[in-house]
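J.: what follows is a predicted structure for the sequence shown.
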Amino acid sequence: MLSELRTAHKVIGVKQSKKAIRDGKAEEVFVALDAEKRVVGPVYELCSETDTKLTEITTMTELGDAVGIDVGAAVVAVLR
């Protein structure tokens, strides 16, 4: 799935991902395991509350590379 992230319809970042989850637009959410827990904690909670599929990725660098940005990404939400 990581290879498909580059071309998928998505939002990158905690704020945008939380909004997509709340609005029911997120199909799957990817979270980097090395992101600060206080930052991504609310994303875990929202995914749990809304039964949104959550996939953990080892590093922010790996997730950033997968979506085609030059910096790390803590959270990416693939939209429906």
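T.: Done, it's in.

J.: residues touching Ala26, list them.
T.: Taking C-beta atoms under 8 Å, 6 or more residues apart in numbering as the criterion, Ala26 is in contact with Ser17, Ala20, Thr52, Ala77, Val78, Leu79, Arg80. Backbone N, C-alpha and C define where each C-beta goes, glycine included.

J.: which SSE is the residue nearest to the first one when sequence neighbours are not counted in?
T.: Yep, that's Ser17 we're talking about. In this structure, Ser17 finds its nearest non-sequential neighbour in Ala77, 3.9 Å apart by C-beta to C-beta, 6 or more residues apart in numbering. Assigned by DSSP states H and E, Ala77 belongs to strand 75-79.

J.: what about stretch 28-41, distance to the chain center?
T.: Per C-alpha atoms, centre = their mean, to the nearest Å, the displacement of stretch 28-41 from the mean C-alpha position of its chain is 8 Å.

J.: again with stretch 50-59
T.: With C-alpha atoms, centre = their mean, you get 7 Å for stretch 50-59.

J.: contacts for that stretch?
T.: In contact with stretch 50-59 (C-beta under 8 Å, 6+ apart) are residues 1-2, 21-22, 24, 26-34, 43-44, 46-47, 63, 66, 72.

J.: what do you get if the cut-off is 6 Å, keeping everything else the same?
T.: Ile21, Ala26, Glu28, Val29, Phe30, Val31, Ala32, Leu33, Asp34, Cys47, Leu63 (C-beta atoms under 6 Å, 6 or more residues apart in numbering).

J.: alright, calling it a day.
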